[in-house]
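**Q** Next comes the sequence, and after it the predicted model I'd like to discuss.
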Amino acid sequence: MAKDDDYESVLSSSATEVASFETSNRSLLNRIQHILHSNPAAVPLIVLVTSVIVFGLLLGSKFFSPFALTLILQQTAIVGIVGAAQTLVILTAGIDLSVGAVMVLSSVVMGQFTFRYGLPPELAIMCGFACGALMGFISGVLVAIVRLPPFIVTLGMWQIVLATNFLYSANETIRSQDIEANAPILQFFGEKIVIGGAVFTYGVIALILLVALLHYVLNHTAWGRHVYAIGDDPDAAELSGVQVKKTLISVYVIAGMICALAGWALIGRIGSVSPTAGQEANIESITAVVIGGISLFGGRGSILGMLFGALIVGVFSLGLRLFGADPQWTYLLIGLLIICAVAVDQWIRKVSS
Amino acid sequence: MKSKLIAATLGALALGAMATSAMADGHAKVGACLITKTDTNPFFVKMKEGATAKAEELGIELKSYAGKIDGDSESQVAAIETCIADGAKGILLTASDTKGIVPAVKQARDAGILVIALDTPLEPIDSADATFATDNFLAGELIGKWAAATLGDEAANAKIAMLDLAVSQPSVGVLRDQGFLTGFGIDVKDVGKWGDEDDPRIVGNEVTAGNEEGGRTAMENLLTKDPTINVVYTINEPAAAGAYEALKAVGRENDVLIVSVDGGCPGVQNVKDGVIGATSQQYPLLMASLGIEAIAAFAKDGTKPQPTEGKDFFDTGVALVTDKPADGVESIDTTKGTELCWG
């Protein structure tokens, strides 16, 4: 037998056991990768806790006080609520650039319907929600039925809604004092509960309740699982009987209504109705979602991650300012965080491939 | 607003028809352009109103352009190019990017167009033929003096929060900030930038983007740094309204002095209600109507507007609005301020 034909002899050195999943000889890194894959909110939570501890050590009681820590919550409330809307859309592998504009237009509708037309403020608030839902419905139909890319649809809607906002409001601010005297319910989310030094505005409580509710809905209802399924693979979802179009439209409508809620909370936060507020809410909400470890490719991530992502930005902003750093350092670090978050996301994705 | 605009346009058209028929050589009517940062800010809306009314009166054909958002310099450059192509005699410009727009302005001036900077001086200021603006340093100085006079001896122990415009330190923000500190009696070091002062009375500088949201966050941050703040300088009245909300949230709204600059109607109303202690009022309508007059004069015999004596720009005036006048600082009350307010 020629040496070239000796194929059999190498068999003795090959694996002899039955095919099985690798469990025992997996490296520590692999195990971490696996844990992170099954708990998408773990990375942002770790970063959040670490950054709170680091700033606490650096700044002492000035930062590590109930007042300062709850202040971060207050400053994050608006971005967090808008981020919840953004999360829903991004989970379907879409993106919504119009969230900030829809929020501001809704708040303007709530204010102007009360003060310009003399509607009861409760009714005006309903109109604000209807406005948000309508904007979301338009985007949803364009994405689901006309099949335009979400980026383009919402890029257009952003401009349209913002222009509508300025044309309709004539960029007039409704003053805090007038609202307080005539329609205090508009400032509802500015009300607060004080426990010791900690201050919880209703806006903060609304954010936490909203995220908890959506976390439940996304994980434990058919609709929520459908949202994930569509983001993962719309064709497969369609084939398994998910009503993709209806679900997509409903996602955009709900996102619009959440933006309207943010608009209401915004009035509570700044006291007045200001058409120039919230200009960067779309970018800030996408930042929160990305740092929160939610995949921009859809279908993966936890809404809790978004909340942690928004809080990380809040912690860095306040921490660095108290530290006396130039505000530009905040943006620089947030930029780094975004890139790291996406890099980590890509790495975690490999576990499933 | 719309019908007014249509009326103005029709009026201008009618005047134009008369003017052209009157001139035997068929000389075209004088064209002018108004380019503002945005057409949504009430300040610029008022400016446009002033310019439109004056243009109608003098028979000048006015075209208005604006950036999409504050900071949108590309649209402004495009507008200047359009005006050059259109054969306009003069351009009134509130620049979003005071340095970046200079080459486009030079191009217009080379084409024989009179360029007047309104409200915001270009950098360098002589890039434009003339600048019609509020003396922002003086505006700041007035509220600084008022705050110091109101506090009296306590001014020596004041804790001051500085709510500025943006980290890029646009000139209008720097002038107001440094003017305020000078008026208050604080050494400003380099007058060309804020934030380099070392007076212990200054708690810190924060940026607000000139709106309510930014004002509130900035105030909260500074209060966390030092809860004993008792004087708040704000770049404009929306920022002041936001700062007030933050103070109200910690129950400090009644023992803190807030000062501001602008003189918009909601701002003056806030002075009346005691939200803001004093504000320096500026006059956008006047800037625009004077600008149109200057273009008319230039078109007639080539005279260019001259700056106010002792300044490198034409000062359109500023007045301190407060209901609590302080010794040694001239001021007008909110009733007068409401008559003169814009937006």
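**A** That came through fine.

**Q** just checking, A:Phe189 is part of a helix?
**A** Yes: counting by DSSP: H, G, I helix; E, B strand; the rest coil, A:Phe189 is part of a helix.

**Q** Distance-wise, check it relative to A:Ala77.
**A** Computed as CB to CB, to the nearest Å, the A:Phe189 to A:Ala77 distance reads 8 Å. For the C-beta atoms, the positions are set from N, CA and C on the backbone; glycine is no exception.

**Q** Show me the common contact partners of these two, please.
**A** Shared contacts of A:Phe189 and A:Ala77 (CB atoms under 8 Å, 6 or more residues apart in numbering or on different chains): A:201, A:203, A:206, A:265, A:269.

**Q** Count the neighbours of the second one for me.
**A** Translated: A:Gly203. 27 (other CB atoms under 10 Å in any protein chain shown).

**Q** Show me the two of the shared contacts of A:Phe189 and A:Ala77 that sit farthest apart.
**A** A:Ala206 and A:Arg269 (11.1 Å; CB to CB).

**Q** Could you check which helix or strand contains A:Tyr117?
**A** Using DSSP states H and E, A:Tyr117 sits within no helix or strand.

**Q** what's around it, how many residues?
**A** A:Tyr117: 10 surrounding residues under other CB under 10 Å.

**Q** need the contact list for B:Thr279.
**A** Taking CB under 8 Å, 6+ apart, we find B:Thr279 in contact with B:143, B:237, B:240, B:259-263, B:267-268, B:271, B:320-322, B:337.

**Q** Mind listing the residues bridging to it?
**A** Note on B:Thr279: beta-bridge partners B:Ser260, B:Val321, judged by DSSP bridges.

**Q** For it, give its distance to B:Asp39.
**A** B:Thr279 is 24 Å from B:Asp39, where distance means CB to CB.

**Q** does B:Asp126 sit in a helix, a strand or a coil?
**A** Assigned with three-state DSSP, B:Asp126 falls in the helix class.

**Q** ok, now which ones touch it?
**A** By CB under 8 Å, 6+ apart, B:Asp126 lies in contact with B:Asp312.

**Q** Check whether the closest residue to chain A within the stretch 1-150 of chain B sits in a helix, strand or coil.
**A** Residue of the stretch 1-150 of chain B nearest chain A, by CB to the nearest CB: B:Thr40 (4.2 Å). With three-state DSSP as the basis, B:Thr40 sits in coil.

**Q** now the helices for the chain?
**A** Picked chain A for this. In chain A, the helices defined using DSSP state H lie at A:28-38, A:42-59, A:66-91, A:99-115, A:121-144, A:150-169, A:176-182, A:202-220, A:222-232, A:234-239, A:244-270, A:281-291, A:303-322, A:327-349.

**Q** I was thinking of chain B, sorry if that wasn't clear
**A** According to DSSP H, chain B carries its helices in the segments B:2-22, B:42-58, B:73-86, B:102-110, B:136-151, B:171-184, B:212-225, B:237-249, B:265-272, B:284-301, B:334-340.

**Q** Tell me which residues are up against the fifth one.
**A** Spelled out, that is helix B:136-151. Contact with helix B:136-151 is made by B:155, B:158, B:171-172, B:175-185, B:231, B:233, B:257, B:259-261, B:277-280, B:282, B:315, B:318, B:320, B:322, B:324, B:326-329, B:331, as judged by CB under 8 Å, 6+ apart.

**Q** So among those residues, which ones count as buried?
**A** Neighbour-count burial (16 or more other CB atoms under 10 Å in any protein chain shown) is assigned, among those, to B:155, B:158, B:171-172, B:175-184, B:231, B:233, B:257, B:259-261, B:277-280, B:282, B:315, B:318, B:320, B:322, B:326, B:329, B:331.

**Q** re earlier: so which of the helices of chain B is nearest A:Ile334?
**A** Proximity to A:Ile334 (CB to CB) singles out helix B:212-225 among these, at 15.2 Å.

**Q** In the closest one, which of the residues would be classed as buried?
**A** Within helix B:212-225, the residues that count as buried by 16+ other CB under 10 Å are B:212-225.

**Q** ok, so of those residues, who is nearest chain A?
**A** Checking the buried residues of helix B:212-225 one by one against chain A (CB to the nearest CB), the nearest turns out to be B:Glu212, at 4.0 Å.

**Q** separation between that closest one and A:Arg175?
**A** Plainly put, B:Glu212 is 10 Å away from A:Arg175 if you go by CB to CB.

**Q** Now for the two: what residues contact both?
**A** By CB under 8 Å, 6+ apart, B:Glu212 and A:Arg175 have these common neighbours: A:272, B:241.

**Q** Can you give me the pLDDT of B:Leu15?
**A** At B:Leu15, the model reports a pLDDT of 48.

**Q** do the same with B:Thr38
**A** The per-residue pLDDT reported for B:Thr38 equals 81.

**Q** right, and it touches B:Phe44 too?
**A** Yes: the criterion here is CB atoms under 8 Å, and B:Thr38 meets it with B:Phe44 at 6.1 Å.

**Q** what residues are shared contacts of the two?
**A** By CB under 8 Å, 6+ apart, the residues touching both B:Thr38 and B:Phe44 are B:Ala66.

**Q** can you narrow the buried residues of helix B:212-225 to ones near chain A?
**A** For chain A, the contacts drawn from these by CB under 8 Å from any CB of the partner chain are B:212-213, B:215-217, B:220-221, B:224-225.

**Q** where does the chain have low pLDDT?
**A** No chain was given, so I picked chain A. A:1-26, A:352-353 (pLDDT under 70).

**Q** wait, chain B
**A** By pLDDT under 70, the low-scoring segments of chain B are B:1-28, B:343.

**Q** Spell out which residues of it are next to chain A.
**A** B:1, B:40-42, B:45, B:69, B:167, B:204, B:206-207, B:211-213, B:215-217, B:220-221, B:224-225, B:238, B:241-242, B:244-245, B:248-249, B:266, B:269-270, B:273, B:275, B:343.

**Q** out of these, which are buried?
**A** Buried members of those, scored by 16+ other CB under 10 Å, are B:40-42, B:45, B:204, B:206-207, B:211-213, B:215-217, B:220-221, B:224-225, B:238, B:241-242, B:244-245, B:248-249, B:266, B:269-270, B:275, B:343.

**Q** Now for B:Asp198, how many residues are close by?
**A** So B:Asp198, with other CB under 10 Å, has 8 neighbours.

**Q** OK, contacts around it?
**A** By CB under 8 Å, 6+ apart, the contact set of B:Asp198 is B:Lys189.

**Q** make it 6 Å
**A** Shown in contact with B:Asp198 (CB atoms under 6 Å, 6 or more residues apart in numbering or on different chains): no residues.

**Q** And it, its phi and psi?
**A** When read as degrees, to the nearest 10, the backbone of B:Asp198 gives phi -120, psi 10.

**Q** State the distance from it to B:Asp187.
**A** Distance of B:Asp198 to B:Asp187, given as CB to CB: 8 Å.

**Q** go on, B:Tyr244?
**A** According to CB to CB, B:Tyr244 and B:Asp187 sit 29 Å apart.

**Q** same check, this time on A:Gln112
**A** 47 Å.

**Q** what do you get for B:Lys89?
**A** According to CB to CB, B:Lys89 and B:Asp187 sit 46 Å apart.

**Q** again with B:Glu330
**A** 25 Å.
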